[in-house]
Every structure is written in structure tokens, then in C-alpha cells.
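Participant: Quick one, structure for this:
(chains A, B and C)
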Amino acid sequence: MELIRAENVRKWFPLRGGFLERRPRYVHAVDDITFAIQNQEIFGLAGESGCGKTTASKLLVRLVEPTSGEIYLDGTDISHLEGRELREFRKNVQMVFQDPYESLNPRFNIYDTIAEPLIVQRIGSPEEQEEMVYKALETVELRPAEDFVFRFPHELSGGQRQRVAVARALVIEPTFIVADEPVSMLDVSIRAGVMNLMLELREKFGLTFVFVTHDLAVSRYMCDHIAIMYLGKVVEIAATEELVRNPHHPYTKALLSAVPVPDPTEKRKRIDIIGGVSAAVDPPPGCRFASRCPYAIAKCKREDPVLKDVDKDHLAACYLA
Amino acid sequence: MKVLEVQNLVMYYRTMKGYVKAVDNVSFDVEKGEAMGLVGESGCGKTTIGMSILGLLPQNAAVQSGKILFRNGDLLELSEKEMQHVRWKGISMIFQAAMNALNPVHRIEDQIVEAIKTHENISKEEARKRVAQLYTLVGLDPERARDYPHEYSGGMKQRAVIAMALACNPDIIIADEPTTALDVIVQDQIISEIKKLQQELQMTMIYISHDISVIAESCERIAVMYAGILAEYANAVDLFKNPMHPYTQALMSSFPSIKGPKKRLIPVPGEPPNLLNPPRGCRFHPRCPLAMDVCKKVVPEFTEYGNRHWAACHALG
Amino acid sequence: MTSLLHTEVKTKWQRRKKWVKNTWMLFKKSKVGVLGLVILAIFFVLALASVIPPKINEMYIPLYGTDPEIMGISPPSLRHPLGTDFMGRDLFSQLLEGAKWALIVGITAATAAVVVGTVVGLVSGYSGGIADTLLQRTADILLTLPGIPIILVIGAALGQVSIWTVVILIALLGWPGPSKVIRAQVLSLRERPFIESATVSGASSKRIIFRHIAPNVLPLSFLYMTFGVTTAILLEAGLSFIGMGDPSTVSWGMMLQWCFTSGNTFNAPYWLLPPGLCITVLALSFYLIGIGTQQIVNPRLRER
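Facilitator: Predicted structure coming up:
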């Protein structure tokens, strides 16, 4: 059952030119993306920096509004909600950010941090709120909760802070949580704990997750489906194991082949592609990847390929897939 | 032939809150032409060791005891002037966020030429020619040597910094997280570039990183550090096939891989210790599944268990 | 599980105490800051003491209490520790009264300026757009106006100037400075993830500005207030000295003015020096406190 659907969503940011620039230029952060997220699944948005995954995650929580296109939550178009409707929508969606040091207000103690969504959304009496905060702390395994509520962020470790961030996201019992690189800034031995926590939360509460990351190994561990993004476009979507074993899009193949493997005996076959990612300002027509693609044909540089079925539950945007 | 020997290095930082015992009795050797990896989480002391070798420690750091033997001398005994001779020519470094090591207001060629001329008595022309050679070596277009840093992409800057590190033909290169700030594909290109260079030039490398996958692919010998101690030091293949130290074992099951069967990750319980007041005895004992009484009191000896496989753990007997 | 709300309140107190203690520990580390605080404490005592002389003896009323036995200026004596001015008024009680007014004017004017400046900075920085442009252009205009001539013109237009007019004028000219600094701080805070998190939770702009951003900005405001007091004291003294002050209030600047206009600048150092020194030292003390506060406010010291 589908929970979230993004249809032809675009987010363009205007570049401020000087007085002499007649036609404004735009950064095509997210350019005509379409995908669907099933209820209770963990959906991965993966790609390198500048691919638009963070902007896409912000669109899903309506931190920004789409320039065009629609986003549906459970059938309702949330793309241009305002005022009270927007606040109602926010009860269903929460976010966990990348930086555990920056995503908690340094002047709030842990209680205030976690209680904030309850206060803002006017959920529960103060006594009920208190219970919910304690329950949230227990759920993220910060025990005993009493020890943590009156502490401040700088007294906690990175892993603990991130758990607080998750508790804050959970406390109003949302339908889905968007996690933007939630473990990238944590130590390796701590990451597993936070990742497993999110997997357990999905099991226990039937939550849906959108997991944004540049680390494909993490993506593979966490996600049921992965959408690979490049320069504002979704180039491939498939079930995780299928994507990893049988990638169709040349960029996905190159990306997967570039991921280092923790095995000294493994001889990786790297797929060479030239150059680095170009900026997404007023891109030329045709496939975004054409200039670096070893298989590009003339058509690739003229027309932008759209996502099409290449296999069961497997979409790719490539003429040669 | 041993190119570098670190012997019983003990180091601390003076901070407002007390002494942080950053490196506790670390010893290891590096053979000529070897790529050695120093891996561990943040705060484990790996960068500190790299800095100690080059004498680039901050004001509040002090070496309490130990030796770093290089070219028949103890680097820790050298004066600043003598260290300047060693740096760049004997041992050079690729820093973390190396792209910030390039001065934005000077042309890159000028910066490399300056580095060369500071350490060698050759003409500017000679130095420029060498820069061109280095550029070709690292995969950059020599025509672009006269550019400014902002005209380069992240990956290109990294290659320029590698060229600079190679400029004076050092015996050892220390690379401290050289690819952390780069995207996956560029990171892969740089790692293989470094590996190619290391093999071509038979260079000795010390590769510092928190990323086990990168270290596994680039290094022949791997040293695992934890909270200022050296837990294990072995050939890469041996370390992965047969990790001996409980921390290494725990680490192996705590990070995901893109290849191979999908297995459940097991986090290491607890938190890394505060080095202001590290645990007595073995620093890993509060988090160790095999901890015994002796672990809480006695620091385990760093012992060899055959085939250059060293570990410091009481449970190994 | 019993409600721990009453425990929370108790702990809130304990937390506040702990915060005060920690802040004091940090502040103590700055020797200049402590010095400033000590000097301020002395002046505070002087200001409080200003009520004593008039109560003891009518002769010591600063504004019009004259010594029936001494009709003009006289050097320090047992009766008048600092001497008397050209009308036979006791200089020491004038000095104490001046301390009172210096503190009142300084702190009130600076606080008013900083409160307005902070609110403007918060709203301007967070809202952006037209509100930001309007407020900042207003601030720019006020900043480019020459302070003292403007006050002179307004004073002349109003005819008579009371001490509170002076306070209001200082505040009016003083708010643009802090507002720019606060606005800059808000602009950078606005992008931080914890603010985005508050937005995602559904917090309104008002709540974000006053509950989330303001606490992070207030230490900076406090810092600007201490520097503002310095400016306010000096400004008031300057205005009084050139005759634009409130003649019915005895402030240090007025004392200097009386000394100057009665032609006693060079022959009565016991009249000229004390108020002059006091102005300088009190202004300096706030400045030193500001320096002492800086190292608390500076986020570099915050543990990561």
C-alpha cells in the first residue's frame, strides 16, 4: 500500500545575478522526480553530494515547497499546504538530521527538546506530555530516562544525541520519519546501534522511513528500496538486493563499483568514468549523465530519458538499459 | 628493512580540564615499501601519532616518553631546525581536508616549487620541470599547473596535494584521511591513484583513516587503535580472516558492506572512554565481552603471535 | 510512575543555581572582568549612599543645599570632604548623587537600546523580506546621523530637556548598533538544524524567534548592554558638559559644566578631577565587565 507519492516534483532555486542579468538562472536542485514509498518500508535516497537527495528530503517534510509537481501523503496533496493544514500535516512527519551536534538546541535540556513537538502541536496535558517524553527516551534506549532529561546536549556523546533526536521525532507518533544522513557523523562502532534502533522502530511501531545517505553500504543494510539520484534526477529505483546485484543505469554501475569493500582479498572491478559532477545550474538538454557516460549515444545528449520499467519492480532512466 | 620504528610512545595533551592521555605505549615498525594502515575511531590517537612523527603537535601536546626511530636517529630528539630537514624530504604528509592546505592566493605550481626549493638546492626551472613530471604522475594535466586552487575540483586539489607530498621524493608519506571530504567516485579514483603510485614508486606509506573499507583496500599491514592504545597489528589478510583482539572482532561485525551476504550488525556496547580518565588496565575492558579480573588492573602486553601478527589482550594467553 | 513535575521544578532551581555557579566560575577567570565588577560594586555603594547626606543635614542637598557659612568655592575640609562649588554646595554629595544618576541613566538607556535592538534584530533577521529591509534601512539612517548634533537640535526644538529625554534620545540612537549584530547572529542561527527541527515540529515563527533563537542570542545582547552603558554614561556626561543636559539633575557632567562655566577649571582641581575621574572609571568598569563576559559568550569555549 502506497503511503507517499512524489510526482514530477521540481525544486529550482534562483541564483541572484547582478542588475545586468536579464534572465534569472536557476539551480535545478530537484528536477522532475517521481517515486512512490510503500507503507512501513524503509526507502533509501542515495547519491553523491549535489544530487538533490537532501533537497528531496526537505520537500517531503515541507521545509521547502516544490516549484512544481505534487507530493501526496496517503492520497492528500501536501505540496502547497499552509497555516493550520500545514501544522496538521506536520503531526504525521518528523525528521532526524545529520549533525548530532547541531540538531539539538544547545540551550534546551533534553526534556525541553523532546517535549517541544508535543507543546507546539498541543498534544496532551503537562502530565501526559511528561509520560510521553519518558516513554520516548526509554524507546531509544537512553536509560534510565531520569538521568537524561535534565542534561544538556553538550553533556552527551554523539550517539546519545542522535538517539535524543530520534526520540524527539518519535514522541508525537508520526506516520513517517525522514532521516537525512543520520549516522554519517557518528563513529563506526556507534552507527550500528543507531541503525538497528531504527530497524526496530519500524518493526515495533510500523513506521515508514525515508533514509537519505551517500554511503551505499549503509543504504544496503537499512533500506527495502533504493532510489539513486544524480544531479537532481532519479536515475534508478529498485528493491535493494536487486539494485546491488543487477544495476541497469551506467551511473549506478559506476557508483556501486566505486564503493570500497572491507575485504583485502576482494579485487574490485572499477568502472572508469571521467571527470567530476558538474553543477546543476541551467543544465543542458539530454541525460544529465551523458557527458561522463561511457555508453552515451547521440540520443542521450538530445532528450532526457524518463524512468521506465526494466525489470520486475525495477525502474531506470536510460535508453540503453 | 625497517624504515620507521615507533617505540613505546606515550603522549598527552594538557587541557583546561586536565591531562588527556592520548597515546599510551604504542609501538610498531614500518618496513620499506610497505603500505601500513592506522585505523580507529575518532579520538583513538591515530592522527596524534601521525603528527608526532612529523613533529607537528600543537602547543599543549607533550611526549612523555618513547622513541620514533627514522634513519638511525630519534625524531623526538631533533630540534625544530633539524626536523625541518626531515619534513618533506624524509617524511611528507597529506593532511586531512588537504584541499585547505593549498593557499588560495598563490598558483599551485608556485606552492609546489616553493616546497621543493625550501628543501633542495635546485633552480626554479628544474623545480618547474619536476612539477610537470609530478602532475603527469598523479594524473593531472601539466598545462594546468599555473592555475589557482579555486579553479580545481575537489578531486583535482587532492591530486595536487599528493603531488606536493611526492615533490621531494620522501622516504615515507603519511596520508591522514586523504579522501574523507570527497564523493564516492572521486574517492575511489584517488585511492587507486595512491595505491598505484605507492606500488610504482615503491614508497612507504602510513595511511590513517577511520574507514576500514578504504584501509582494507589500500594497505598491506593494518594497525587497529582504540582510545590511545594499539590493539592489534597484522597483515591485512590475517586481520580480516583471523582478528584476535576483541575490539577488532567487534569492529568487524559493526559495519555494513555492499558485497557479500547481508548480516545483522552488532554494535559495540557502551561508549569510547573519556581520555581524561581512561579505564585502568586494558582500556577496552568496560566494553569487552571477554573481560576478566586481570583486564581491569593490568595493561596487556603487545605480543607477537606469529607471522607478524601482534595483539594486546590477556584473553589470548 | 508518579508525576515528577514537582521534582522538575525543584531541579529547575538547582539547575539555575548550578548555571549561576558555572557562569561565575568562568567569569572569575577573567581578571579584568572581576576588576570591572569590583569597581562597579564600589560605585553602586556610592550611589546607594547618595540618600544619606540629605537626610543628615539640609546643607548637603546636592542641588540647592548651600552651606550658610561658606558662600563660594572652597577646597576640601573636614566639613566638606571634597570642598564646595561656586554656590557653596557640598561637592561630595554632588558626587554621590552623580553616581546615582550615572548608573540610572547608563543602565536604563543601554538596556532600552539593547532591548529594542535585540527585538529588531530578531524580527529582521528571521523574517527577511520587506520587514528586514525597512528595519535595516531605518537603522542605517539612524547610524549615519551624527549623534550629538542631532540631540542638540532636538533639545533646542524641545526647549527644555529632562534627564529622561536624554535617556530616550540615547536609546533611540543606540539601538541600531546592537540590532545589526543580533541580526547577523540570527541569520546564521536560522540555518542551523535545530531551528529546522523546530519548523518541522510545527512551531510558529513567533515561537521560533522567541523560544528557540532568542536564548541563543541573549548572551550577545548582554554583552552589548555592558558596552552600551559605557557609551551612555559618556554621552550623558558630554551632553551635560556642553549645556544640553538637565539642569535640575546633578550628574557628573553637570558638575563639570558648572565648574567650567563658573570659570574655575584651572583653579579648583578638587572640583574638576573627581567627577571627571568617576566618569572615566565607571565607564571603564562596564567595559571591563564586557570583556570578562566575552569569553563566556564566545562559542569557541563551548564543549563539543
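Participant: going forward, measure contacts between C-alpha atoms and count neighbours the same way
Facilitator: Noted.
Participant: Taking the stretch 51-200 of chain C, what residue is nearest to chain A?
Facilitator: Taking Cα to the nearest Cα, chain A has its nearest neighbour within the stretch 51-200 of chain C at residue C:194, 4.1 Å off.
Participant: What ranges does the stretch 51-200 of chain B have for its helices?
Facilitator: B:80-86, B:108-119, B:124-138, B:154-166, B:184-200 (DSSP state H, counting those that start in this stretch).
Participant: Check those for me and report the most buried one.
Facilitator: Among these, ranked by average contacts under mean count of other Cα atoms under 10 Å in any protein chain shown, first place goes to helix B:154-166 (a mean of 25).
Participant: what distance separates it from the middle of the whole chain?
Facilitator: Using Cα atoms, centre = their mean, to the nearest Å, we find the averaged C-alpha position of helix B:154-166 to lie 17 Å away from the chain's own average C-alpha position.
Participant: helices or strands up against it?
Facilitator: Where contact means 3 or more Cα pairs under 8 Å, 6 or more residues apart in numbering or on different chains; DSSP states H and E, helix B:154-166 is packed against strand B:91-94, helix B:108-119, helix B:124-138, helix B:184-200.
Participant: Write out the residues of the stretch 151-300 of chain A neighbouring chain B.
Facilitator: Listed as neighbours of chain B in the stretch 151-300 of chain A under the rule Cα under 8 Å from any Cα of the partner chain: A:187-193, A:196, A:214-218, A:220-221, A:244, A:254-256, A:258-265, A:276.
Participant: What is the end-to-end distance of stretch A:145-158?
Facilitator: This stretch, stretch A:145-158, spans 17 Å end to end (Cα to Cα, to the nearest Å).
Participant: ugh, wrong one, I meant stretch A:86-96
Facilitator: 19 Å.
Participant: And for stretch C:262-273?
Facilitator: Start-to-end span of stretch C:262-273 (Cα to Cα) is 15 Å.
Participant: sorry, back to before: let's have the helices of the stretch 51-200 of chain B in CSV, adding distance to residue A:152 and mean pLDDT.
Facilitator: Rendered in CSV, the data for the helices of the stretch 51-200 of chain B read as follows (distance: least, Cα to Cα, whole Å; pLDDT from 0 to 100):
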stretch, distance to residue A:152, mean pLDDT
helix B:80-86, 43, 86
helix B:108-119, 45, 88
helix B:124-138, 48, 89
helix B:154-166, 37, 87
helix B:184-200, 35, 87
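Participant: To residue A:203, which of those helices lies closest?
Facilitator: helix B:184-200 (30.9 Å; Cα to Cα).
Participant: Pull out the buried residues from the helix or strand just after the closest one.
Facilitator: Moving toward the C-terminus from helix B:184-200, the first helix or strand encountered (DSSP states H and E) is strand B:204-209. When neighbours are counted by 16 or more other Cα atoms under 10 Å in any protein chain shown, the buried residues of strand B:204-209 are found to be B:204-209.
Participant: repeat for stretch C:165-173
Facilitator: Judged by neighbour count using 16+ other Cα under 10 Å, the buried positions of stretch C:165-173 are C:165-173.
Participant: so of those, which ones are in helices?
Facilitator: Among these, the members falling in helices (DSSP state H) are C:165-173.
Participant: low-scoring stretches of the chain, by residue?
Facilitator: Assuming you mean chain A. Scanning chain A with the threshold set as pLDDT under 70 gives A:17-22, A:275-277.
Participant: that's the wrong chain, I meant chain B
Facilitator: B:97-100, B:317.
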